[in-house]
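Visitor: Sequence plus predicted model, see below.
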Amino acid sequence: MRRGLAAVAVLVAVTAVGCGGGDGKDVVVAGTPPATPYEGPLYVPATDKSGAAGRALECDGKMYESGGAEAWSEGDGGKTPEGGLRAYFDIEQPDVPRTGYRVERRSDGRVLFSYDVGGRTKVAVVVAKDGKNRPGWGPESSASCDPAEFPASFAKAHGYEIWTDRDGRRVPTTVVSSSVGAAHCDWQKAHFLQTGEGAKSRLYARDPDKVLPSEMLTAAYDGDVRMPASARDTGYRYQDWQLWVTPDASKAYVRTPDGVEAWPALKHGTGCL
């Protein structure tokens with residue numbers, strides 16, 4: 001599951017993906033063998049949640065998500081390793097690309113599937129056959145890099161707005177991310193921005209049409225303000241937006257070609273269910 005904005009998933013408009021592990025397309029491609037394939041073990045004890053999949057990743061930044069083996073019922077697993085990869089999508093419902101995987105390695109009744117970008121593994125899934133309470137082929141460990149490391153087409157299709165830094169490099173969604181409001185809440189005219197993660201996470205809203213309940217906001221959105229003297233440019237950009245912040249973090253300031261907007265912070269524990 002997506003972190004960051006997913007922590008308040010009711011506020012996010014990430015496009016849902018259905019079951020079926022490939023939407024009618026083959027999830028596995030022949031691909032080109034990597035110059036240096038993963039050579040470590042395909043089984044790592046459960047004490048390491050990301051397992052062998054985490055070791056096979058080649059992220060530019062930190063690992064984003066990982067998962068261990070879950071139990072499933074007869075018929076949920078696949079009859080082949082490729083079917084096991086499809087079972088991973090159906091059972092885990094991960095927010096990762098669902099086509100374009102290739103077999104990176106086979107060993108000891110396990111198969112490592114990888115999804116690569118620029119020759120580097122961004123999603124790794126190890127499937128195994130007939131594990132305890134896991135009949136048939138299915139996921140034993142899985143891990144993925146930040147969505148900012150996936151192709152831009154995936155990010156756009158799934159509602160991720162990937163920001164860049166001063167040098168034009170894509171910024172991890174755990175650092176800064178944004179999305180339009182959730183359609184099921186009728187918040188499409190609102191916009192949400194999150195900075196940081198964990199205890200340092202901050203969530204802000206742009207609400208020019210006042211579609212959000214006022215009790216969600218710590219203050220009113222203002223689309224025309226003077227930039228505070230204490231504000232600093234983070235260097236983060238999304239299209240023609242520039243993100244500025246102040247020490248008190250009560251509002252995020254977004255410079256646009258038309259001026260400066262003040263996005264208020266959201267109160268904790270509020271949202272559309």
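Guide: Done, it's in. Numbers count the residues shown, from 1 in each chain.
Visitor: Where do the helices of the stretch 1-150 of the chain begin and end?
Guide: All helices of the stretch 1-150 of the chain, identified by DSSP state H, counting those that start in this stretch, fall at 51-56, 81-92.
Visitor: counting contacts, what elements does the first one pack onto?
Guide: Put plainly, it is helix 51-56. In terms of contacts (3 or more C-beta pairs under 8 Å, 6 or more residues apart in numbering; DSSP states H and E), helix 51-56 is packed against strand 63-68, strand 110-117, strand 120-131, strand 134-145. (Each C-beta comes from the backbone N, C-alpha and C, glycine too.)
Visitor: Just say which of those is most tucked in.
Guide: Ranked by mean neighbour count, the helices and strands packed on helix 51-56 are led by strand 134-145 with a mean of 25 (mean count of other C-beta atoms under 10 Å).
Visitor: Can you list the helices and strands that that strand packs against?
Guide: When contacts are defined as 3+ C-beta pairs under 8 Å, 6+ apart, strand 134-145 sits against helix 51-56, strand 63-68, helix 81-92, strand 120-131.
Visitor: Give the next helix or strand downstream of that strand.
Guide: Following strand 134-145 in sequence order, the next helix or strand is helix 152-157 (DSSP states H and E).
Visitor: so what's Val28 up against?
Guide: Going by C-beta atoms under 8 Å, 6 or more residues apart in numbering, Val28 touches 82, 85, 101-103, 113.
Visitor: Just the closest of these to Thr234, please.
Guide: Ranked by distance to Thr234 (C-beta to C-beta), the contacts of Val28 are led by Tyr101 at 35.3 Å.
Visitor: got a pLDDT number for the nearest residue in space to the closest one that is not next to it in sequence?
Guide: Nearest residue to Tyr101, sequence neighbours excluded (C-beta to C-beta, 6 or more residues apart in numbering): Phe113, at 4.5 Å. pLDDT recorded at Phe113 is 96.
Visitor: On the strand side of things, show who Phe113 bridges to.
Guide: Beta-bridge partners for Phe113, by DSSP bridges, are Val103, Val125.
Visitor: Would you confirm that it contacts Leu85?
Guide: Yes: Phe113 lies in contact with Leu85 (C-beta atoms under 8 Å); the separation is 5.2 Å.
Visitor: picking that back up, of the helices and strands packed on helix 51-56, which is nearest Asp233?
Guide: The nearest among those, by C-beta to C-beta, is strand 63-68 at 26.5 Å.
Visitor: Note down every partner strand of the closest one and its orientation.
Guide: Checking strand 63-68 against DSSP bridges gives partners strand 134-145 (antiparallel).
Visitor: Using PDB, write out every CA atom in the strand it pairs with.
Guide: Only the C-alpha atoms of strand 134-145 are listed here, as PDB (Å, rounded to 0.1, in the frame of the first residue of the first chain):
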ATOM      1  CA  ARG A 134       0.100 -21.400   0.600                       C
ATOM      2  CA  PRO A 135      -1.000 -24.100  -1.900                       C
ATOM      3  CA  GLY A 136       0.300 -23.600  -5.500                       C
ATOM      4  CA  TRP A 137       2.700 -21.000  -6.700                       C
ATOM      5  CA  GLY A 138       2.500 -17.600  -5.000                       C
ATOM      6  CA  PRO A 139       4.500 -14.700  -3.500                       C
ATOM      7  CA  GLU A 140       7.000 -15.500  -0.800                       C
ATOM      8  CA  SER A 141       8.600 -12.000  -0.600                       C
ATOM      9  CA  SER A 142       8.200  -8.800  -2.500                       C
ATOM     10  CA  ALA A 143       9.700  -5.300  -2.500                       C
ATOM     11  CA  SER A 144       9.500  -2.100  -4.500                       C
ATOM     12  CA  CYS A 145      11.200   1.200  -4.900                       C
END
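Visitor: Between strand 110-117 and it, find me the angle.
Guide: Relative orientation of strand 134-145 versus strand 110-117 (axes from the mean of the first three to the mean of the last three C-alpha atoms, to 10 degrees): 30 degrees.
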